[in-house]
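Participant: Got a sequence here, can you build the structure:
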Amino acid sequence: MPSPEEARELTRRTVRFEPDGVSVAVSAGSTLLAAAAAAGIELRSACGGQGTCGQCAVRLLDRPAGPAPPGFPVRLHRAGYVPACKTTIDEDLAVEIPASSRQVRHEVLLDDDEATLLAEEQVSLLLGYEHRPAVLRQIVRLEPPSLEGNADDWSRLLSALRQQVPEATDDRPITATIRALAELSATLRAHGMQAAIYVLDLPAGLEVVRVLPVDQAPPPLGVAVDIGTTTVVVQLLDLEEPEVLARAGTHNRQSRYGDDVITRIIYAAEQPAQAEQLREAVVSTVNDLIAQALATAGFAGDDILVAMVAGNTTMQHLFLGLPADQIRLEPYVPVATNYPVSRASELGLTLHASAAVIQLPAVASYVGGDIVAGMLASGLADQEDLGLFVDIGTNGEMVLGNRDWLVACACSAGPCFEGGGITAGMRATSGAIQSITIDPETLAAQVRTIGNSKPAGLCGSGLIDCLSALRVAGVIDRAGTFQDSGTACFREGDDGPEFVLIAGDESASGDDIVVTEADVKNLIRAKGAVFAGVRALLAAIEADMDSLVRVVVAGGFGSHLNIADAIRIGMLPDVPYERYRFMGNTSIKGARAALLSTQAYRRAQELASAMTVIELSLGSMYMEEFVSALFLPHTDLSLFPSVEG
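Facilitator: Numbering: from 1, shown residues only. Below is the predicted model:
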């Protein structure tokens, strides 16, 4: 009878992935998606393993594909592909992975000051707040102990800190970690009773976390972290200067479990092991980016003593290992919107073990710390005039208000603007079409791609441009229905009528890049959801669009957005262009300011408390606005006076 180890070995199967030439041994019954991950190959998977999106399609090289799984795209199965997430391994296999199924590096907006729509003053790292960083470095020199003065080292250090550190007021406790106390005695005695003391300035008080010899003491470092559903960005900061020492960004590894927050919530709720997979995926993403930033700047992980994290409410929950299942269930109540300070060692972050990990506060299930950070960065809440903050992605989050009041909402735009649910949709990676025009006479498309590579598909900004260009060229009517002119650009495809944008001999894959009538309808629904959210907020305060003095468009998607096209299709308010401002990644900007200024962090807490969230599912107003927005640009053309019908 075989031993348990031998039994496990007997159930192992080998999978060879081509064209990588990589083999991996996995347990029988594993999916090809899991096997690819074990081999270090990341596949796309928008549906979170449901087998319906077709993004993880692979071809079996030594056996037939078999029957089509329910929901798997017919065109892919007809071409011999199977979904890696639903294909289990019961024998040794050879598998071919097409380029379209691979998770590739995103174009990540690392610095929020890179993208502006109009000439605009650049905002400082501190956003105008007082420089009072979350970590203080204090050089202390103590009197040598004696028989007459034999107070313990910690008591004498406390006295010195009370005298030297302005933040050490009588009403604020000062504590220390055991590790710092262990470092204190030896450092003082080996270096003439002098030491560099690193103090965390936390809401609950001050905490000594590190003690080093003065000549070996690096500047206090911190990291600002933006955990987005799609991408993660890290900035390494010298907190004393203040200065950004290094930046790094990549896709969120949670994407292999689903493109959107709902899919990931469902995946995490199925069993505790899957929730831990999601947590480990994002923690490993953050750790790798921190390692990149440290290598660039020439420091060690132990030198980072604080992290300030911003993200939507679901990302914050999954990062902290909190159950997120109630976020998607009525009445949409998260575990928390204000999070306790945690430690790097608790979360598995490769920082100093006692480094404080601080989350910016959220507001509600779908208005998270990233939006609070964005409002902090935008300054809209400090203005007398009415302003609108819009962050468009899978969810469209927006805040309307001024210095006296703030109302917020979130609407589900779906995955379109991230390239999901669209035949030729893709994320903002090399080869993605980000702008497009169509000649009304010849219907020939002129495109610009990321990296100036051969076109591979359409990312979010390209899809907005495409919808606008199709309408201007007369390819579609106001309802999004194709107006077939009988040219070769129009044809009937597997999913209904489609329009050929790029012929196969000009594309990266060699296949035609098409947009289907179903794609157009999906895009119209997505843009309609965003505009209906704006209208719902304005209706809540009985204001009209003309009253908007400033509109801030945030996020990596917004940085490439053509405002004229976004207005032309009816996604954003028809107000003068000069009222719009791109601010890029406002989430990282706000997290950075909160790291450099405890005053800014307190302001973020005030902003979160000041926001009133409108639940769009209550009543019929939002649905009525949504239905009215399902035309180009809108049912009510008077709302878009600059757009020709």
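
Participant: going forward, measure contacts and count neighbours with C-alpha atoms only.
Facilitator: Noted.

Participant: show me what contacts residue 101?
Facilitator: 43-44, 55-58 (C-alpha atoms under 8 Å, 6 or more residues apart in numbering).

Participant: Apply 7 Å and report the result again.
Facilitator: 43-44, 55-57 (C-alpha atoms under 7 Å, 6 or more residues apart in numbering).

Participant: so where's the protein shaky on pLDDT?
Facilitator: 1-10, 46, 48, 104-123, 556-559, 645 (pLDDT under 70).

Participant: 50 instead?
Facilitator: 4-5, 7-8, 112-122 (pLDDT under 50).

Participant: Let me see the domain layout of it.
Facilitator: The record assigns the chain these domain ranges, following automatic domain parsing: 4-101, 135-216, 221-359, 380-414+533-636, 416-523.

Participant: State the distance from the spatially most central residue of the chain to residue 259.
Facilitator: Centroid-nearest residue in the chain, with C-alpha atoms, centre = their mean: residue 228, separated by 1.4 Å. With distances taken as C-alpha to C-alpha, to the nearest Å, residue 228 is found 11 Å from residue 259.

Participant: If you count neighbours, what's buried in stretch 574-589?
Facilitator: Across stretch 574-589, burial judged by 16 or more other C-alpha atoms under 10 Å covers 574-575, 580-589.

Participant: so can I have JSON lines of the residues you listed showing secondary structure and distance to residue 348?
Facilitator: Output for the buried residues of stretch 574-589, formatted as JSON lines (DSSP: H, G, I helix; E, B strand; the rest coil; distance: C-alpha to C-alpha, whole Å):
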{"residue": "574", "secondary structure": "coil", "distance to residue 348": "47"}
{"residue": "575", "secondary structure": "coil", "distance to residue 348": "47"}
{"residue": "580", "secondary structure": "strand", "distance to residue 348": "41"}
{"residue": "581", "secondary structure": "strand", "distance to residue 348": "38"}
{"residue": "582", "secondary structure": "strand", "distance to residue 348": "35"}
{"residue": "583", "secondary structure": "strand", "distance to residue 348": "32"}
{"residue": "584", "secondary structure": "strand", "distance to residue 348": "29"}
{"residue": "585", "secondary structure": "coil", "distance to residue 348": "26"}
{"residue": "586", "secondary structure": "helix", "distance to residue 348": "26"}
{"residue": "587", "secondary structure": "helix", "distance to residue 348": "23"}
{"residue": "588", "secondary structure": "helix", "distance to residue 348": "21"}
{"residue": "589", "secondary structure": "helix", "distance to residue 348": "24"}
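
Participant: downstream neighbour of the lengthiest helix in the chain in the secondary structure list?
Facilitator: If you go by DSSP state H, the chain has its longest helix at helix 272-297. Counting by DSSP states H and E, the next helix or strand C-terminal to helix 272-297 is strand 304-311.

Participant: Any chance you could list what contacts that following strand?
Facilitator: By C-alpha under 7 Å, 6+ apart, the list of residues contacting strand 304-311 reads 220-228, 351-352, 355-360, 368-370, 373, 587, 591, 595.

Participant: which among those residues end up buried?
Facilitator: 220-228, 351-352, 355-360, 368-370, 373, 587, 591, 595.

Participant: Mind checking which of those residues are in strands?
Facilitator: 221-227, 356-359 (DSSP state E).

Participant: and residue 17, that one's in a strand?
Facilitator: Yes - Residue 17: assigned to a strand according to DSSP: H, G, I helix; E, B strand; the rest coil.

Participant: what bridges to it?
Facilitator: residue 22, residue 95 (DSSP bridges).

Participant: Could you give the number of residues near it?
Facilitator: Residue 17 has 23 neighbours, counted by other C-alpha atoms under 10 Å.

Participant: now do residue 151
Facilitator: Around residue 151 there are 11 residues (other C-alpha under 10 Å).

Participant: does it count as helix, strand or coil?
Facilitator: Taking three-state DSSP, the label given to residue 151 is coil.

Participant: Quick check: closest non-adjacent residue to it.
Facilitator: Counting by C-alpha to C-alpha, 6 or more residues apart in numbering, the nearest residue to residue 151 once its immediate chain neighbours are dropped is residue 145, at 7.3 Å.

Participant: That neighbour looks like it's in a helix, true?
Facilitator: No - assigned with three-state DSSP, residue 145 falls outside any helix and is coil.

Participant: any chance you could map the helices in the stretch 401-550 of the chain?
Facilitator: 460-472, 517-540 (DSSP state H, counting those that start in this stretch).

Participant: most neighbours per residue, which of these?
Facilitator: Mean neighbour count, computed with mean count of other C-alpha atoms under 10 Å, is highest for helix 460-472 among those, reaching a mean of 26.

Participant: Show me what that one is packed against.
Facilitator: Judged by 3 or more C-alpha pairs under 7 Å, 6 or more residues apart in numbering; DSSP states H and E, helix 460-472 is in contact with strand 432-438, helix 563-568.

Participant: Between helix 517-540 and it, find me the angle.
Facilitator: 100 degrees (axes from the mean of the first three to the mean of the last three C-alpha atoms, to 10 degrees).

Participant: Helix 460-472 vs strand 432-438, what angle?
Facilitator: When the same axes, to 10 degrees is applied, the directions of helix 460-472 and strand 432-438 differ by 10 degrees.

Participant: sorry, back to before: list the ones among the contacts of residue 101 that fall in helices.
Facilitator: Reading helices off the contacts of residue 101, I find no matches (DSSP H).

Participant: mind putting those in a markdown table, neighbour count and distance to residue 519 included?
Facilitator: Shown next, in a markdown table, are the contacts of residue 101 (neighbours: other C-alpha atoms under 10 Å; distance: C-alpha to C-alpha, whole Å):
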| residue | neighbour count | distance to residue 519 |
| --- | --- | --- |
| 43 | 28 | 23 |
| 44 | 24 | 19 |
| 55 | 25 | 16 |
| 56 | 29 | 20 |
| 57 | 29 | 20 |
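
Participant: now, among the residues you listed, which is nearest to residue 483?
Facilitator: Using C-alpha to C-alpha, residue 55 is the member of the contacts of residue 101 that lies nearest residue 483, at 29.6 Å.

Participant: and the gap between that closest one and residue 454?
Facilitator: From residue 55 to residue 454 the distance is 20 Å (C-alpha to C-alpha).

Participant: Please apply the same query to residue 314.
Facilitator: For residue 314, the distance to residue 454 - C-alpha to C-alpha - is 36 Å.

Participant: same thing with residue 175?
Facilitator: Counting by C-alpha to C-alpha, the gap from residue 175 to residue 454 is 58 Å.

Participant: Looking at these two, which one has more neighbours?
Facilitator: residue 454 (18 against 15).

Participant: these two touch, right, the more buried one and residue 507?
Facilitator: Yes - counting by C-alpha atoms under 7 Å, residue 454 does reach residue 507; the two are 5.6 Å apart.

Participant: So for these two, which residues contact both of them?
Facilitator: Common neighbours of residue 454 and residue 507 (C-alpha under 7 Å, 6+ apart) do not exist.
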